[in-house]
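# from the sequence below, what's the structure:
(chains A and B)
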Amino acid sequence: MRILIIEDDLEAAHYLRKGLSESGHVADHAADGEIGLEMARTADYDVLIVDRMLPRLDGLTLVQTLRDGGAKTPVLFLSALGEVDHRIEGLKAGGDDYLTKPYAFAELLARVEAQARRQDPDAVQTHLKVGDLEMDLLARTVKRADQTILLQPREFRLLEFLMKHAGQVVTRTMLLEKVWDYHFDPQTNVIDVHVSRLRSKIDKAFDRPLLHTVRGAGYRLQA
Amino acid sequence: MKRLPAFLRTTTFRFTILAAGLFAFSAFAMLVFVYQTTAGVFSRQTDALLAVQITEFETAFNKGGINAVNKIVVEHSIEYDPFLYVFTRPGGKFVSGNLSAMPQSLAKSGAQRHFTYKITNTKTRMQETHRARGTLVKFPGEYMLLVARDTEEEDALIDRISRAVWIAAALVLALGLVSGALISRRFASRLDALNSVARDVMGGDMKRRAPRNYSGDELDDLASNLNDMLNKIEQLMAATRHAGDSIAHDLRSPLTRMRNRLEAQLRDGESLNAEEADAALHRTLDDADELLKTFNAVLRIARLEAGEQREAFDQIDPAPLLHDLQELFEPVAEDSGLDFEAEINDGLIIRGDRGLLAQALSNVLDNALKYTPKGGGVVLRLRRQRDGRVAISVTDTGPGVPDDMREAIFRRFVRLEESRTQSGSGLGLALVRAVANAHGAELIVEDGPGDNEGSDGPGLHIALVFPLTRQRKTSAANEPEGKSAPAKL
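Okay, the predicted model is just below:
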């Protein structure tokens, strides 16, 4: 993936770039809003990582300008402003995701990779398949190796999200945000409990586990 | 420039001077009025009586000439006591009357109406000088008649009145000045006391408080407000210091742990096999995550306490949120061997923020699930209280919280002794309180359902009671179900 980091903190930008390239991505860096806007317009990026507070042109205006020009590149806001209102502002300006500093790199990476998957929002998927696990989104049924698995509605949505991001790391906060639509740090392991219930339904009776725990990051569904 | 004594510069003193001056002036004006109405009446009365007599004398002269005048003078001299008469013929020789001679001053100027004469007091046999007031009438042939009246008594009264007027005015002025000086001196000294408290506090002595006299006057009020303000500031400072110390303490141990681990890895880097090195790194990462969580929670509480969010609140029905939480926490309760129930009434309206409430309630639920021993129960409730307010509560059958700790558990980083062994940041309930405050909700902590069979303590009941919203949706389904009575578990 080609990623543009628009961030005025050079050290943070360097750390991000290094991390992203180690994960197999190509990352460019712009140190202020104007350069960032110029680069985002001229080159073709898969994801933009935009800091909100930038010299010369702030992140919100930058993204608004890009969106006004018709650009659909996914944008991940990165900001020290972490209140609900700030998040809403970011999403209104055209951001696709919003991550508050300080953050864990694993969280950022998971979210960046999740954004790349959303490239084609118009394509309606009716059938998901990971290994021998299959989900029919219309009939709302799940099968593994042709055995039907009965899931609660929420478990179904959880699995749907995991399957749509198969092969990627999804974090606990991402799950809470996307599956439950809440933005907060759960103090305990609520998400883990739900995931482990799901795991017992889809993995327990089978030899090869599909749902993996990634330490320090979250979960990954992989064949 | 030489400065005036402090009390002379005060506003009070200036006002007192002004008031004393105005008072003295009005007292003076009043006395002038009294003088006019008393002394004035006397002299006008005298003038009228004199005028009547003069007319009588002139009529007599026109009819009977000098002899007729003389006859009346003789008669009046005897009968009309306070009146004085002197009738002289040409050359100023005395003809008749009750005064021995024409007064000197009058003889010269002719028209003067005030004069003095000497009289022997009939009682004391002492000669006295009396004042009198009269009119000199000239008859043809250089006959002159003085008709006058003894005004000594009235004049003496008028004298006394005017003396009183002046003395009173002087006294009013003097007393005004003295009392003004005293009052403003007292005022200045009380203000000085307040000022010195303010200066001492600015100088760093946070323990200083303004002296009060509990009279309830405005200075006492000011002192009381100043003290309240200082108490609040001290509290906030203590809270900040406490939070700072606690953050330092809470962040220090994981930071130290992390540092040690990294150091150890560096030291025996080669001797570790790949798996061990990986495990060490992961533990370090977990520590860092814990740090970030604590950090975020502290920031969030600080922002909530700063009250930035309040105006963004909408009217919401908390029921869907509670259903979500029920669904979210049910498996956790089940895994911990707890009985988890929810009693959620739909259609209630509160003013609030869904995300913040979700965070706060999940913290309360989290605590309840964490501290309630296996076999116990937790109830999540949403209902309208009898007083019409909407309450969201969590009741458990756990060990509860002793009375004296109920305030403390909502402070940052405060953790009960028994809970130290459990994981947790000590910020969960502090956030609950911050969210409750941001919503203007009352936070209630009570004993839970009590010592049931198999329970380990009185249990705990934590409720958020929201203020009444103006637009209230009411439906039969939400009839009050009674006060937040202990849960029947």
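# quick check: domain ranges of chain B?
Per automatic domain parsing, the domain ranges recorded for chain B read B:6-159, B:218-305, B:311-478.
# would the last one count as contacting chain A?
Meaning domain B:311-478. Yes: judged by CB under 8 Å from any CB of the partner chain, domain B:311-478 and chain A are in contact via B:312, B:324, B:327-329, B:331-332, B:335, B:353, B:355-356, B:358-359, B:362-363, B:366, B:369-370, B:424-425, B:428. In this view, the C-beta of every residue, glycine as well, is placed from N, C-alpha and C.
# low-confidence ranges in the chain?
Answering for chain A, as no chain was given. Judged against pLDDT under 70, the low-scoring parts of chain A cover residues A:82-83, A:117-124, A:186-188, A:216.
# oops, wrong one, chain B.
B:1-10, B:104-112, B:121-122, B:242-251, B:253-254, B:269, B:305-312, B:412-426, B:450-456, B:470-489.
# top helix in it by residue count?
helix B:11-79 (DSSP state H).
# what's the burial count for residue 141?
Just going to use chain A. 14 (other CB atoms under 10 Å in any protein chain shown).
# sorry, I should have been clearer: chain B.
10.
# so what's the nearest residue to it once chain neighbours are set aside up against?
Spatial nearest neighbour of residue B:141, excluding adjacent residues (CB to CB, 6 or more residues apart in numbering or on different chains): residue B:90 at 6.5 Å. By CB atoms under 8 Å, 6 or more residues apart in numbering or on different chains, residue B:90 lies in contact with B:141, B:142, B:143.
# tell me the domain ranges of chain A?
A:2-117, A:127-221.
# please tabulate those domains in a markdown table and include distance to chain B as additional columns.
A markdown table is the format used below for those (distance: least, CB to the nearest CB, whole Å):
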| stretch | distance to chain B |
| --- | --- |
| domain A:2-117 | 5 |
| domain A:127-221 | 4 |
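# tell me where chain A has helices.
A:10-22, A:33-42, A:59-68, A:84-92, A:105-117, A:153-164, A:172-179, A:190-202.
# nearest to residue B:182, out of these?
For residue B:182, the closest of the helices of chain A is helix A:84-92, at 59.0 Å, according to CB to CB.
# now for the closest one, which elements pack on it?
In terms of contacts (3 or more CB pairs under 8 Å, 6 or more residues apart in numbering or on different chains; DSSP states H and E), helix A:84-92 is packed against strand A:75-79, strand A:97-100.
# quick one: distance of it to the chain centre.
17 Å (CA atoms, centre = their mean, to the nearest Å).
# and the residue of the stretch 201-350 of chain B found nearest chain A, how many neighbours?
The minimum distance from the stretch 201-350 of chain B to chain A, using CB to the nearest CB, falls at residue B:285 (4.1 Å). Residue B:285 has 17 neighbours, counted by other CB under 10 Å.
# can you name the helix or strand that it falls in?
If you go by DSSP states H and E, residue B:285 is part of helix B:274-305.
# and that helix with helix A:105-117, angle?
80 degrees (axes from the mean of the first three to the mean of the last three CA atoms, to 10 degrees).
# which residue sits closest to residue A:111, ignoring its sequence neighbours?
residue A:97 (5.3 Å).
# ok, now which ones touch the one you found?
So residue A:97 contacts A:74, A:75, A:76, A:77, A:111, A:114, A:115 (CB under 8 Å, 6+ apart).
# got a markdown table for these, with neighbour count too?
Listed next are the contacts of residue A:97 as a markdown table, based on neighbours: other CB atoms under 10 Å in any protein chain shown:
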| residue | neighbour count |
| --- | --- |
| A:74 | 21 |
| A:75 | 29 |
| A:76 | 21 |
| A:77 | 26 |
| A:111 | 26 |
| A:114 | 23 |
| A:115 | 21 |
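# quick check: the farthest pair among those residues?
Within those, A:77 and A:114 form the most distant pair, 14.3 Å apart (CB to CB).
# quick check, the residue in the stretch 51-200 of chain B closest to chain A?
For the stretch 51-200 of chain B, CB to the nearest CB, closest residue to chain A: residue B:198, 35.9 Å.
# pretty sure that residue is touching residue B:226, no?
Yes: applying CB atoms under 8 Å, one finds residue B:198 in contact with residue B:226, separated by 7.4 Å.
# between the two, which is the more surrounded one?
Counting neighbours by other CB under 10 Å for residue B:198 and for residue B:226 shows that residue B:226 has the greater number, 17 against 14.
# quick one: the more buried one from residue B:190, how far?
Residue B:226 sits 12 Å away from residue B:190, going by CB to CB, to the nearest Å.
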